[in-house]
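Asker: can you look at this prediction? I've put the sequence above it.
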Amino acid sequence: MGKIFYIIGKSASGKDHIYEALLAEKDLKLAQVILYTTRPIRSGEQNGREYYFTDELKLVQLRLSGKLIEERVYDTVYGPWYYFTADEGQFRLDCQDYIGIGTLESYEKIKGYFGEDKVCPLYIETEDGIRLKRAIQREEKQPEPKYAEMCRRYLADCEDFSEEKIQAAGIRRRFLNNGELSQCLQEIKAYLLLQIGR
Ligand SMILES: Nc1ncnc2c1ncn2[C@@H]1O[C@H](COP(=O)(O)OP(=O)(O)OP(=O)(O)O)[C@@H](O)[C@H]1O
């Protein structure tokens, strides 16, 4: 039976890089948990690849039909953009393992929906000083660095990922990403192979 591996961690802890690297590992055979979003599709994006691009009416329908697993909304200058996970029958847990990225809150919702035995958290932890330096370096490379937003997220993480919340979510294992990324990946891959039973 398949599992959903769910990557969680503070901003700039390395989630995106770890996600892409694990997806690229052919022997893990992981499929993506694709989020739905109401934000407009950008050039180069493809419906069903980066996201399922949809609208608020669909969100309401999914809510009413009990198919909505979790939702978040971000107030942007263009209005509210919703991001959500829903189950319209696309998850084939009888024969497929999945990988997704989310927050502690979305992890708890997904765990509540599919069951604790089906959802496996991959909590990535990077020491705060190293993480801040990486966040600044990443921001410096942007055409228009948004340092205030970066700092806001960094500070919000202290609250969003307090030790109490991590414990309450049932996170027991942590994967440290303080050194080489390859080292962290190796550790996660070994863990995944054990969980998958290969
Ligand atoms: N082990 C590592 N060594 C050096 N740099 C790293 C390592 N892991 C990640 N990075 C760098 O840290 C930055 C943050 O990584 P990434 O974007 O994957 O994090 P994230 O957790 O997805 O962040 P966010 O939640 O803020 O989007 C990137 O610039 C990435 O290249």
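Answerer: Good, I have the coordinates. Numbering: from 1, shown residues only.
Asker: test my guess that L192 contacts L23.
Answerer: No. L192 is beyond contact range of L23, at 11.6 Å (criterion: C-beta atoms under 8 Å). C-beta here means a position set from N, CA and C on the backbone, and glycine is covered the same way.
Asker: neighbour-wise, which of those two wins?
Answerer: Using other C-beta atoms under 10 Å as the criterion, L192 and L23 rank with L192 on top: 21 against 13.
Asker: can you tell me, leaving aside adjacent residues, what's nearest to that one?
Answerer: L28 (5.9 Å; C-beta to C-beta, 6 or more residues apart in numbering).
Asker: does the one you found touch L193 like I think?
Answerer: Yes. Contact criterion C-beta under 8 Å: L28 and L193 qualify, at 7.4 Å.
Asker: out of the two, which sits in the busier spot?
Answerer: L28 (17 against 13).
Asker: just say helix, strand or coil for D117.
Answerer: Classification of D117 using DSSP: H, G, I helix; E, B strand; the rest coil returns coil.
Asker: burial check on it, number of neighbours?
Answerer: By other C-beta under 10 Å, 9 other residues sit near D117.
Asker: with the one 4 residues further on instead?
Answerer: Neighbourhood size, P121 [other C-beta under 10 Å]: 24.
Asker: sec struct for it, please.
Answerer: strand.
Asker: list the residues that contact it.
Answerer: 6, 8, 107, 169-171, 173 (C-beta atoms under 8 Å, 6 or more residues apart in numbering).
Asker: W81 - that's part of a strand, no?
Answerer: Yes. Counting by three-state DSSP, W81 is located in a strand.
Asker: state the helix or strand in which I99 lies.
Answerer: strand 97-101 (DSSP states H and E).
Asker: now do that strand: distance to the chain's middle.
Answerer: 8 Å (C-alpha atoms, centre = their mean, to the nearest Å).
Asker: can you tell me how far the residue nearest the centre of the chain is from the ligand?
Answerer: The centroid of the chain falls nearest to I101 when counting by C-alpha atoms, centre = their mean (1.2 Å). Remark: distance between I101 and the ligand (C-beta to the nearest ligand atom, to the nearest Å) = 7 Å.
Asker: just checking, that residue touches K15?
Answerer: Yes. Assessed by C-beta under 8 Å, I101 is found in contact with K15 at 5.2 Å.
Asker: tell me, how many residues neighbour N47?
Answerer: 11.
Asker: contact partners for it?
Answerer: 41, 53.
Asker: and it, how far is that from Y74?
Answerer: Taking C-beta to C-beta, to the nearest Å as the measure, N47 falls 20 Å from Y74.
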